[in-house]
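Student: I would like the atomic coordinates for the input below:
(one chain, ligands or ions: 2)
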Amino acid sequence: MLVESPVVPTGQGSTMRILVTGGAGFVGSHLCERLLAEGHEVICVDNLSTGRLQNVAGLLDHPSFTYLAHDVVEPLPPLPRLDRIYHLASPASPPAYQRNPIATLRVNSEGTRHVLELAAVHDASFLYASTSEVYGDPLEHPQCEEYRGNVSTVGPRSMYDEAKRCGEALTIAYAREHEVETRIVRIFNTYGPRMDPNDGRVVSNFIVQALRGTPLTVYGAGSQTRSFQYVDDLIDGMIRLMESAHCGPVNIGNPSEYTILQFAQLIRELTATAAPIEFLPLPADDPKQRRPDITLAQTVLGWEPRVSVRAGLAATIAYFKEELGADLVAANGHHRNYSLPAHMIGRRDVIQSTVN
Ligand code: NAD
Ligand code: UDP
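Tutor: Ligands and ions are numbered 1, 2, ... in the order given. Coordinates of the predicted model:
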């Protein structure tokens with residue numbers, strides 16, 4: 001952890017039993033760790049489709065931690081009484097969800113319904129991990145929660161964007177029809193230790209490429225923007241939302257906005273790499289700009305990000321150095337291609353150039 005997170009009271013001041021779906025993923029593993037540190041009992045459910053058991057390896061011997069291998073598209077097995085459910089199970093990186101469009105739609109629709117049923121039976125509060133992707137390629141900037149989005153139902157991101165919109169709709173339907181205590185968090189681009197080096201997201205791609213000394217792959221001209229949040233800030237925001245009286249949706253993200261080209265230059269600077277920048281075609285429907293309006297989170301949760309992008313990236317770069325370890329030394333110019341699959345790339349007129 002980079003900064004001392006403020007102590008957020010999780011519930012009634014007593015130990016709770018908390019289910020985290022997708023708990024072996026990047027975000028889920030940090031959430032499990034934080035909830036255990038607060039003294040709660042945690043059941044982590046994951047099918048390891050995009051997560052890694054190594055993310056929770058350090059928790060497996062913890063007496064209050066249980067790992068359950070299960071695909072939430074199937075109904076969950078009987079579980080002891082639950083107080084809280086954080087539902088994070090879903091692929092999150094564009095290459096991962098585009099490789100598995102039906103699984104992505106199913107986990108956020110059928111899977112979300114199963115987990116909501118469980119919340120209803122256990123009278124447990126339920127938090128759904130939604131995304132800034134519900135705003136699509138936004139026509140309003142920055143994006144506030146009232147904005148309804150600009151999403152294609154049939155575009156190359158529709159399996160994720162529409163799945164998450166469906167997940168939100170199911171969540172609010174269970175709140176209305178079954179009086180489940182629900183929360184919806186809209187998560188903006190988040191990075192940090194335990195990201196999978198192979199998952200194809202921009203932060204992991206650029207850092208891995210920079211550390212290997214291979215070109216940083218900027219899609220398009222790099223003029224599209226993203227706003228990057230460190231994972232500790234996200235975990236703090238999710239727990240605050242769960243324990244608040246506000247059902248959401250609430251944006252949780254860091255409003256520090258970068259063009260992707262600026263971000264590549266920042267990674268080059270922080271890794272002190274000589275690796276050049278290589279321009280590749282922009283994937284179709286890639287959102288042109290993204291920055292959260294966090295007024296609601298500031299007002300109702302007293303939350304705002306505390307970790308600067310530079311500090312968060314320094315910790316993340318240190319993690320990747322350790323993660324790649326001997327592999328980095330062995331790489332010596334050979335590298336895997338962590339880019340989008342070719343059929344997902346919009347233009348075929350590849351322009352390659354080098355920016356110094
Ligand atoms: P991740 O891929 O690292 O974690 C997702 C986890 O869900 C993985 O461990 C995966 O194995 C598990 N999973 C997927 N399908 C499953 C299924 N059917 N049954 C059980 N487990 C399943 O991704 P992440 O970055 O940790 O994202 C976590 C959640 O946050 C996702 O719901 C994602 O949509 C959301 N989110 C993340 C970001 C981000 O920038 N990281 C941004 C917006 C939203
Ligand atoms: N991107 C890039 N090079 C990469 C990976 C991604 O230029 O190697 C761009 C991508 O086109 C998008 C942005 O970086 O504009 C963020 O991509 P990511 O996959 O991390 O998440 P998104 O916000 O698109 O879901």
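Student: C-alpha from now on. contacts and neighbour counts both.
Tutor: Fine.
Student: which parts of the stretch 1-150 of the chain sit against ligand 1?
Tutor: 21-28, 46-51, 70-73, 88-92, 107, 129-131 (Cα under 6 Å from any ligand atom).
Student: among those residues, which are in helices?
Tutor: 26-28 (DSSP state H).
Student: quick one, phi psi at residue 150?
Tutor: phi -140, psi 80 (degrees, to the nearest 10).
Student: that older thread, who wins for most neighbours among the ones in helices among the residues of the stretch 1-150 of the chain next to ligand 1?
Tutor: The member of those surrounded by the most neighbours (other Cα atoms under 10 Å) is residue 28, with 25 neighbours in all.
Student: what's the pLDDT at that one?
Tutor: On pLDDT, residue 28 comes in at 98.
Student: my read: it touches residue 34, true?
Tutor: No - with contacts counted by Cα atoms under 8 Å, residue 28 stays clear of residue 34, the gap being 9.8 Å.
Student: burial count for the closest residue to residue 29 other than its chain neighbours?
Tutor: Excluding its sequence neighbours, the residue lying closest to residue 29 (Cα to Cα, 6 or more residues apart in numbering) is residue 23, at 5.1 Å. Counted with other Cα under 10 Å, the neighbours of residue 23 add up to 32.
Student: residues contacting residue 23?
Tutor: Counting by Cα atoms under 8 Å, 6 or more residues apart in numbering, residue 23 makes contact with 29, 31-32, 44-46, 56, 88-89.
Student: mind listing the helices for this protein?
Tutor: Taking DSSP H as the criterion, the chain carries its helices at 26-37, 94-99, 101-106, 112-122, 158-178, 202-212, 231-242, 260-271, 295-296, 309-331.
Student: of those helices, which approaches residue 289 most closely?
Tutor: helix 260-271 (10.0 Å; Cα to Cα).
Student: angle of that closest one against helix 309-331?
Tutor: Interaxial angle of helix 260-271 relative to helix 309-331 (axes from the mean of the first three to the mean of the last three Cα atoms, to 10 degrees): 70 degrees.
Student: tell me which residues in helix 260-271 are buried?
Tutor: The neighbour-count check on helix 260-271 (16 or more other Cα atoms under 10 Å) flags 260-261, 263-268, 271 as buried.
Student: hey, what's the nearest residue to residue 172 once chain neighbours are set aside bridged with?
Tutor: Counting by Cα to Cα, 6+ apart, the nearest residue to residue 172 once its immediate chain neighbours are dropped is residue 182, at 7.2 Å. For residue 182, the beta-bridge partners are residue 126 (DSSP bridges).
Student: my guess is residue 182 contacts residue 125. True?
Tutor: Yes - here residue 182 reaches residue 125: they are 5.8 Å apart, a contact under Cα under 8 Å.
Student: between those two, which one's more packed in?
Tutor: Neighbours per residue, other Cα under 10 Å: of residue 182 and residue 125, the larger number sits with residue 182, 28 against 20.
Student: for the more buried one, which residues are in contact?
Tutor: Neighbours of residue 182 in contact, by Cα under 8 Å, 6+ apart: 125-128, 171-172, 174-175, 247.
Student: separation between it and ligand 2?
Tutor: Distance of residue 182 to ligand 2, computed by Cα to the nearest ligand atom, to the nearest Å: 25 Å.
Student: now swap in residue 146 and tell me
Tutor: Residue 146 sits 20 Å away from ligand 2, going by Cα to the nearest ligand atom.
Student: please work out which residue of the stretch 51-200 of the chain is closest to ligand 1.
Tutor: residue 51 (3.0 Å; Cα to the nearest ligand atom).
Student: how about residue 54, what does it touch?
Tutor: Contacts of residue 54 (Cα under 8 Å, 6+ apart): residue 24.
Student: for it, report the pLDDT, please.
Tutor: You'll see residue 54 listed with a pLDDT of 96.
Student: who's in contact with residue 163?
Tutor: Per Cα under 8 Å, 6+ apart, neighbours of residue 163: 104-106, 108-109.
Student: okay, these in TSV with neighbour count, distance to residue 210 and pLDDT next?
Tutor: Formatted as TSV, the contacts of residue 163 follow (neighbours: other Cα atoms under 10 Å; distance: Cα to Cα, whole Å; pLDDT from 0 to 100):
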residue	neighbour count	distance to residue 210	pLDDT
104	25	30	98
105	24	34	98
106	19	36	98
108	31	34	98
109	22	37	98
